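Colleague: What shape does this take:
(2 chains)
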Amino acid sequence: MEWVNAVVQGILLGGLYALFATGLSLAFGVMRFVNLAHGDLAVLAAYLTLSTTNTMGVSIWWSMILVIVVMAAIGYVGQRAVFNRTLGDDPLPGILVSFGLGVVIQNALLEYYTATDERLDAGSIITESIKVNDDISIGWFPLITLIVAVALLVSLQLFLARTKMGRAFRATADDPETAQLMGIDHKHLYGLAMAIAFATVALAGVFLGARTTFAPSSGSSQLLFGFEAVVIGGLGSLWGTLLGGIVLGTSQTVGNQASIGWDLLTGHLVFLAVLLFRPHGLLGTGVRT
Amino acid sequence: MTGHTLTRNSRDAAIGTTVTLGVVVLLALFPLFGSASTQLTLIEVFYFLSLAQMWNLLAGFGGLVSVGQQGFVGIAAYTTFVLAEKNGLDPFLALVLAGVIVAVFSVPVAAFAFRLQGGYFAIGTWVIAEVFRLATLQIDSLGAGNVQSFTVRNTFANYDIDLRRDVIYWVALALAAGATFIVVFVLRSRLGLALRAVRDNPDGASGLGVNVTRARLTVWVMAAAWTGATGALIHLNSSTVTNRDAFSVLDWTALVIFIVIIGGVGSTTGPIIGVAIFWFISEQFEDADTWRFIILGGVAAVMAVFAPRGVYGLIQQWRPFQLFPVRARLRGPGLD
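Modeller: Numbers count the residues shown, from 1 in each chain, chains lettered A, B, ... in the order given. The predicted model follows:
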């Protein structure tokens, strides 16, 4: 029964990882951009939420909405002013800019907030749970996180599949030159994609900060988890991202059940195994290059 | 027929190489007349130059943008600890063996990481470095997360304090000069030609018969071995090994990347300029490590977008020169 519980908790944890992975997956899918500052941006959003909550005296959820809007705006401007200049055949500039940005964010947070662990106060919801039986209980907060992740992925999927703008996203992802000939302003579109990516990473950051303590250096491991979820699921597949998050989360909790302290290592090893045996991921087709 | 020849040698490069060799000789004699504190600063400059040349070889010429160099440094640190401190091997022989062992480790790393492209390759190497870090944390005899020391009683039994500092200094200088020599040597070889062809057009290069994977694997293993030996030296110098510091992405990868980007990626001179700037900035922020990261990271990020060839590239626009004979030019009547 303990093992069943480990799997259940792992699936719930997967919701958080899927939230982290969504923005990475979207930015890569639309403009082949890999944002190495992704995890640090999540932690930045958590700190901004903390400061907003403290100064305005509102609940973290109201602060979160404000922070998501601000982060989306930063994402749009950042893409248009900086990241758009790094796009092209050579991936080096994009990697370097985002990696440098991540290091700057992490150290600026350290300078301003110090290395003390912080936590967002989400109220009593954090401790409440649904008791299934003596061994298994499902925490409300992890359940809500998973539901939010699924809802986010469903709406993104619908947006990409059904709306005019979603079609423009897919067209630009498939063939940017032809899409431009058809009158699509790709620079604006990339800005919007990065705005959505920043908004989702802000959301992920707040859920992380309410679930557990965080510090300025917490970002890099979240980048690695989000990245692993994307690769396990398969590049360019949003459903794969959800599945990847769940596989990673389950690996970690089951690994920890097998031997305390082995959660991270087990997660990484499962990722490497997927890379070795299914290099295009569980749901990836391998058609995209 | 017309008297045209293809040559890599030029007056600039001849002067540059001679001056560089002169500087190396002068630096080698430094312990005889210089102060111990300057010597310690130079050791740090040398090992960062060695790491920077190797990262530049990978990213600037091999198209392999690794963010996992700390994995090689960490493995080397623990290997040296086991060999020298626990088994009484000479510390500098242990350093050489650490390089060899890291080279062995780097082959399976490539088997995984080479399946990923571009930015995903970068994060993939980071994950693998994390795997090494977490794995060493599970080995009790390596002290788990606790500080391990290279002691005077075991590791440095045959070295008094002055001899120890001098030998570490000379080895650091040899690693920095050697790293620069390796990159120049590789670029003048067939491998260097293959690498640049692969970097500029992978499909075209493989169409012309370049074995892309083999060329990349060769530099990958070379860079891993040299990075490993440098990692061993770094820890013999600090005389401690801790899990966090040995596998630090900020120290052994981020700073190194910033040095190369600011100096100039894809040139042999760039890392030398970069390490000089790095040394200057480090002196200004001696007690403020976070500010050092903010300034270097910020400058590197801006330069990656607006001056992708770094300070070296900016100097080239003003007056072209080359310190080392690596770029081939056509010479003969009607040229120059």
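
Colleague: going forward, measure contacts between C-alpha atoms and count neighbours the same way
Modeller: OK.

Colleague: Residue B:246 is in contact with residue B:73, isn't it?
Modeller: Yes - at 6.5 Å, residue B:246 counts as touching residue B:73 under the criterion of CA atoms under 8 Å.

Colleague: Compare these two and say which is more crowded by neighbours.
Modeller: Taking other CA atoms under 10 Å in any protein chain shown, residue B:246 and residue B:73 do not tie; residue B:73 has more neighbours (34 against 25).

Colleague: which residues does the more buried one contact?
Modeller: Applying CA atoms under 8 Å, 6 or more residues apart in numbering or on different chains to residue B:73 gives the contacts B:227, B:228, B:229, B:230, B:231, B:232, B:246, B:247, B:252.

Colleague: again, 7 Å this time
Modeller: B:227, B:228, B:231, B:232, B:246, B:247 (CA atoms under 7 Å, 6 or more residues apart in numbering or on different chains).

Colleague: Any idea how far apart the tips of stretch B:143-161 sit?
Modeller: 26 Å (CA to CA, to the nearest Å).

Colleague: what about the strands in chain A?
Modeller: A:129-131, A:137-139 (DSSP state E).

Colleague: Could you say which one of these comes nearest to chain B?
Modeller: strand A:137-139 (28.5 Å; CA to the nearest CA).

Colleague: Nearest to chain A among the contacts of residue B:73?
Modeller: Taking these together and measuring to chain A by CA to the nearest CA, the closest member is residue B:247, at 13.4 Å.

Colleague: where does the closest one land on pLDDT?
Modeller: At residue B:247, the model reports a pLDDT of 96.

Colleague: residues touching it, list them.
Modeller: Contacts of residue B:247 (CA under 7 Å, 6+ apart): B:70, B:71, B:73, B:74, B:133.

Colleague: show me where pLDDT drops low in the stretch 201-336 of chain B?
Modeller: B:334-336 (pLDDT under 70).

Colleague: So which bits of it are right by chain A?
Modeller: B:290, B:293, B:294, B:297, B:298, B:300, B:301, B:304, B:305 (CA under 7 Å from any CA of the partner chain).

Colleague: hmm, who's touching the one helix or strand the last one maps to?
Modeller: Under the criterion DSSP states H and E, the helix or strand holding residue B:305 is helix B:289-306. Under the criterion CA under 7 Å, 6+ apart, residues A:85-86, A:93, A:96-97, A:100-101, A:103-104, A:107-108, A:111, B:258, B:261-262, B:282, B:285, B:310 lie in contact with helix B:289-306.

Colleague: Now do the buried residues in it.
Modeller: B:290-305 (16 or more other CA atoms under 10 Å in any protein chain shown).

Colleague: Just the buried residues out of the contacts of helix B:289-306, in PyMOL syntax.
Modeller: The PyMOL selection below is limited to those of the contacts of helix B:289-306 classed as buried (16+ other CA under 10 Å):
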select buried, (chain A and resi 86+93+96+97+100+101+103+104+107+108+111) or (chain B and resi 258+261+262+282+310)
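
Colleague: how many neighbours does residue A:212 have?
Modeller: Here the count is done by other CA under 10 Å, and residue A:212 has 12 residues near it.

Colleague: cool, residue A:267 as well?
Modeller: Count around residue A:267 with other CA under 10 Å applied: 24.

Colleague: Equivalent analysis for residue B:288, please.
Modeller: What residue B:288 shows, counting by other CA under 10 Å, is a neighbour count of 11.

Colleague: if I pick it, what's in contact with it?
Modeller: Contacts of residue B:288 by CA under 7 Å, 6+ apart: none found.

Colleague: same thing with residue A:76?
Modeller: Contacts of residue A:76 (CA under 7 Å, 6+ apart): A:191, A:192, A:194, A:195.

Colleague: Quick check: nearest residue in space to it, chain neighbours excluded?
Modeller: Residue nearest to residue A:76 in three dimensions, not counting chain neighbours: residue A:191, with 4.3 Å by CA to CA, 6 or more residues apart in numbering or on different chains.
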